[in-house]
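>>> below are the sequence and a predicted model for it; my questions follow.
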Amino acid sequence: MEQLPEPLPDNPLPLLNEWLEHAKTADNLPNPDAMALATNSESGTVSARIVLCKQLIIEPGYLVFYTNYESPKGIDMDSGSRVAGVFHWDTLNRQVRIEGVAIRSPDDESDAYFATRDKESQIGAWTSTQSQPLTSRQELRDKHVATARKLAELQEESSKLEIPRPPFWGGYRIWIDSVELWCRGEARLHDRGSWTRQLEASDKGFKVGGWSCTRLQP
């Protein structure tokens, strides 16, 4: 069975990046960038859902995903509460746990990513008031048709082909201060490495401290 390096690396993020890239090329592994994201509301309600990790920036150390700012997870994250995430690649015998603080990505970064999405996904972002009630599936279909028509009319008026990013949709950067890398072991003697560091808020996000690490019993 696979094991973590001995000794553990000073920084876990290059190895996490290596695992992500491996997962993307593995056979029969759909959505290799899928991550379970847990958030905590101001009232103390914990919620979890799957998001797609679109980027891991090793230095200074954050990952990026995109969502509706007005969704429950967006509201939770904008309140300043901590978040936790899990990648689990069962066929690769690997798991990753992260914790940290999420803040919105810069607008230009969100604009650039939105421009790479296919047109239907762009229209879908404008259509959905994420997590709000619907009377029927048909209501959503009708709303999608109306949104597509309205965007087409606006494009004709402005002579532009691009669909702009909705102001309520964009990226979040999870600044990571805790990482656990896990490899499945025989007799359930799994190999676990844990890394932590300090984050200090700054005008550019966070200043980051050095990592400390240890192995954990399974």
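Here it is on my side, so go on. In this text the structure is predicted, and so the values were computed from the model without any measurement.

>>> residues in contact with the lowest-mean-pLDDT helix or strand in the chain?
Across the helices and strands of the chain, mean pLDDT, DSSP states H and E gives its lowest value to helix 137-158, namely a mean of 83. Helix 137-158 is contacted by residues 123-124, 126-128, 134, 161-163 when judged by Cβ atoms under 8 Å, 6 or more residues apart in numbering. In short, each C-beta sits where N, CA and C put it, glycine included.

>>> apply 10 Å and report the result again.
The list of residues contacting helix 137-158 from outside it, by Cβ atoms under 10 Å, 6 or more residues apart in numbering, reads 119-120, 122-129, 133-134, 136, 160-164.

>>> could you pull out the strands in the chain for me?
34-40, 46-52, 55-57, 62-68, 82-89, 94-104, 169-183, 191-196, 199-202, 205-208, 212-216 (DSSP state E).

>>> can you redo those strands as JSON lines with mean pLDDT and distance to Ala26?
Compiled in JSON lines, the strands of the chain are given as follows (pLDDT from 0 to 100; distance: least, Cβ to Cβ, whole Å):
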{"stretch": "strand 34-40", "mean pLDDT": "98", "distance to Ala26": "13"}
{"stretch": "strand 46-52", "mean pLDDT": "98", "distance to Ala26": "16"}
{"stretch": "strand 55-57", "mean pLDDT": "98", "distance to Ala26": "17"}
{"stretch": "strand 62-68", "mean pLDDT": "98", "distance to Ala26": "19"}
{"stretch": "strand 82-89", "mean pLDDT": "98", "distance to Ala26": "7"}
{"stretch": "strand 94-104", "mean pLDDT": "98", "distance to Ala26": "10"}
{"stretch": "strand 169-183", "mean pLDDT": "98", "distance to Ala26": "15"}
{"stretch": "strand 191-196", "mean pLDDT": "98", "distance to Ala26": "19"}
{"stretch": "strand 199-202", "mean pLDDT": "93", "distance to Ala26": "32"}
{"stretch": "strand 205-208", "mean pLDDT": "93", "distance to Ala26": "30"}
{"stretch": "strand 212-216", "mean pLDDT": "98", "distance to Ala26": "25"}
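
>>> measure Gln130 to Gly124 for me?
Computed with Cβ to Cβ, to the nearest Å, the distance linking Gln130 and Gly124 is 10 Å.

>>> hmm, Met77 and Glu42 touching each other?
No: judged on Cβ atoms under 10 Å, Glu42 makes no contact with Met77 at a distance of 11.4 Å.
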